[in-house]
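Q: please work out how this folds:
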Amino acid sequence: LCYEAMALSLGRTFEPYIKNVLPHMLDRFSDTDTVVRTCARGAAKGIMGELSGHGVKTTLPLLLEGMGVRDAWRTKLGSIELLANMAHCAPKQLAQ
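A: This is a model prediction of the structure:
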């Protein structure tokens, strides 16, 4: 919840911190507690909604890592959902 509030209140100035925050949120997608998973998903979507084109390029490797390396299926699913959200926000940056 804190990450989501910071991203929404700071807007694009939160982007430099995404590299540090996103891996932790991806790990929380596979948490055994449903409340934790729901909060992580909401925070990640809030952060992704505020990304600039540069932010998309920065977070793309993190999402691809979440889809390929990790064993947890919920983390993979969350990474794919966030990638789909990014495709709607910045299709030109993802096409490059």
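Q: and the residue most central in space within the chain, what pLDDT?
A: By Cα atoms, centre = their mean, the chain has its centre lying nearest to residue 44, at 4.3 Å. On pLDDT, residue 44 comes in at 86.
Q: what stretches of the protein score poorly on pLDDT?
A: Applying pLDDT under 70 to the chain flags the ranges 1, 69-71, 89-96.
Q: try 80
A: For the chain, the stretches with pLDDT under 80 are 1-4, 7-8, 11-12, 49-50, 68-71, 86-96.
Q: show me where it has helices.
A: When assigned using DSSP state H, the helices of the chain occupy the ranges 2-10, 18-28, 34-48, 53-68, 73-89, 91-95.
Q: buried residues in the fourth one, which are they?
A: Of the residues in helix 53-68, those scored as buried under the neighbour-count criterion (16 or more other Cβ atoms under 10 Å) are 55, 56, 58, 59, 62, 63, 66, 67. Every C-beta, even on glycine, is put in place using the N, C-alpha and C of the backbone.
Q: quick one: which two of those residues are the most distant?
A: Pairwise distances across those peak at 18.4 Å for 55 and 67 (criterion: Cβ to Cβ).
Q: still on that earlier bit, pretty sure the residue nearest to the centre of the chain sits against residue 27.
A: No: look at residue 44 against residue 27 with Cβ atoms under 8 Å: they stay out of range, at 11.4 Å.
Q: ok, residue 12 - how many residues close by?
A: 12 (other Cβ atoms under 10 Å).
Q: who touches it in this structure?
A: When contacts are counted by Cβ atoms under 8 Å, 6 or more residues apart in numbering, residue 12 touches 50, 51, 52, 55.
Q: closest to residue 16 out of those residues?
A: When these are compared against residue 16 (criterion: Cβ to Cβ), the nearest one is residue 55, at 9.1 Å.
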